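**Student:** how does the following fold in three dimensions:
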Amino acid sequence: MRVILLSLLIVFFAGCNKDAAPAKEQTTVYPAWINNPNIDGVTGSVGSSGPHFKGPAYQRKLAISRALDELALQQGVEIDLVAKREQTAKDDDVHSTMDIQTQQRVKNSKVTAHIEATFLDPKTKELFVWMVLD
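**Tutor:** Prediction:
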């Protein structure tokens with residue numbers, strides 16, 4: 001009986017000692033347009049946004065707004081952006097508000113663009129939007 005019990009313990013501990021192969025972490029492959037939005041002679045820009053506390057629609061809206069602001073700057077549109085963020089905390093309750101005001105002055109130009117592509121980073125959930133001038 002002792003031999004059987006000893007054999008089972010040896011097999012058990014030998015199995016526990018095996019190194020399990022670590023899961024191979026997938027590397028995120030980013031599209032080329034994120035670092036070079038002016039591919040093939042188009043005039044483009046990239047806006048990005050991390051996850052938004054109001055959800056995916058607001059995340060997308062913020063990323064588009066940032067890309068359009070960049071395109072406007074490339075076209076000579078002057079942009080004044082004022083952002084005011086207030087955050088209060090009491091015990092476990094946190095309240096945050098943000099007020100953003102944008103003023104644009106156009107110098108004889110009109111900026112029209114469309115979304116060429118989007119990419120959502122699967123790890124960080126950051127959304128990238130590629131806007132291209134029409």
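**Student:** quick one, phi/psi of the residue nearest to residue 51 when sequence neighbours are not counted?
**Tutor:** Excluding its sequence neighbours, the residue lying closest to residue 51 (CB to CB, 6 or more residues apart in numbering) is residue 125, at 4.7 Å. C-beta coordinates here come from the backbone N, C-alpha and C atoms, glycine included. The phi/psi pair for residue 125 (degrees, to the nearest 10) reads phi 60, psi 20.
**Student:** and the one 5 residues further on, by the same measure?
**Tutor:** Geometry field for residue 130 lists phi and psi as phi -100, psi 110, criterion degrees, to the nearest 10.
**Student:** which residues does it form a beta bridge with?
**Tutor:** Note on residue 130: beta-bridge partners by DSSP bridges are residue 46, residue 117.
**Student:** per-residue pLDDT, it?
**Tutor:** Looking at residue 130, its pLDDT is 95.
**Student:** so how many other residues sit close to it?
**Tutor:** Residue 130 has 23 neighbours, counted by other CB atoms under 10 Å.
**Student:** my guess is it contacts residue 44. True?
**Tutor:** Yes. Using CB atoms under 8 Å, residue 130 makes contact with residue 44 at a distance of 5.9 Å.
**Student:** which neighbours do these two share?
**Tutor:** By CB atoms under 8 Å, 6 or more residues apart in numbering, residue 130 and residue 44 have these common neighbours: 33, 37, 116.
**Student:** pLDDT and neighbour count for the residues you listed - can I get that in JSON lines?
**Tutor:** Listed next are those as JSON lines, based on pLDDT from 0 to 100; neighbours: other CB atoms under 10 Å:
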{"residue": "33", "pLDDT": "95", "neighbour count": "20"}
{"residue": "37", "pLDDT": "94", "neighbour count": "23"}
{"residue": "116", "pLDDT": "94", "neighbour count": "16"}
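**Student:** just those residues now: which is nearest residue 95?
**Tutor:** Proximity of the shared contacts of residue 130 and residue 44 to residue 95 (CB to CB) peaks at residue 37, which lies at 36.5 Å.
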